[in-house]
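[1] 3D, please:
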Amino acid sequence: MQNRQPNTSRRNFFSGAATVGAAAAAVVALPHVTPSEPVAAEPARPVPENGGGYHLSAHVKQYYKTTQI
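    Next up is the predicted model:
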């Protein structure tokens with residue numbers, strides 16, 4: 001009986017083809033995302049001496065909008 005080596009080039013071809021097919025399917029399935037308007041950066045505020053430092057920024061406002069039901 002002969003010991004046959006598996007044809008690795010054939011396996012690599014089918015593995016690569018499956019990867020390319022999965023990537024193509026993912027690109028088609030994902031929604032088209034348009035870039036949003038750039039948000040103007042707010043000037044840096046000084047760090048408070050006694051801690052804290054919470055302030056309502058545009059980023060925080062956007063987060064609050066996403067949490068509303």
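[2] how far away is Gly53 from Ala23?
    Distance of Gly53 to Ala23, computed by Cβ to Cβ, to the nearest Å: 44 Å. C-beta: built from backbone N, CA, C; applies to glycine.
[3] Now stretch 25-41: average pLDDT?
    The average pLDDT within stretch 25-41 is 74.
[4] which residues sit against that stretch?
    Stretch 25-41 has contacts (Cβ atoms under 8 Å, 6 or more residues apart in numbering) with Ala58, His59.
[5] Now with 6 Å, please.
    Here stretch 25-41 makes contact (Cβ atoms under 6 Å, 6 or more residues apart in numbering) with Ala58.
[6] Now that stretch: buried residues?
    Within stretch 25-41, no residue is scored as buried using 16 or more other Cβ atoms under 10 Å.
[7] what about it, start to end distance?
    End-to-end distance of stretch 25-41: 37 Å, with Cα to Cα, to the nearest Å as the criterion.
[8] what's the answer for stretch 41-61, then?
    One end of stretch 41-61 sits 14 Å from the other (Cα to Cα).
[9] do stretch 44-57 as well
    Using Cα to Cα, the two ends of stretch 44-57 sit 11 Å apart.
[10] Also stretch 48-63?
    Here the two ends of stretch 48-63 are set 23 Å apart, with distance taken as Cα to Cα.
[11] Report the distance from it to the chain centre.
    26 Å (Cα atoms, centre = their mean, to the nearest Å).
[12] what are the ranges of the helices in this structure?
    Along the chain, the stretches classed as helices by DSSP state H are 8-29, 58-67.
[13] can you tell me which of these comes nearest to Glu49?
    Smallest distance to Glu49 across the helices of the chain (Cβ to Cβ): 22.1 Å, for helix 58-67.
[14] Kind regards, and thank you for your time.
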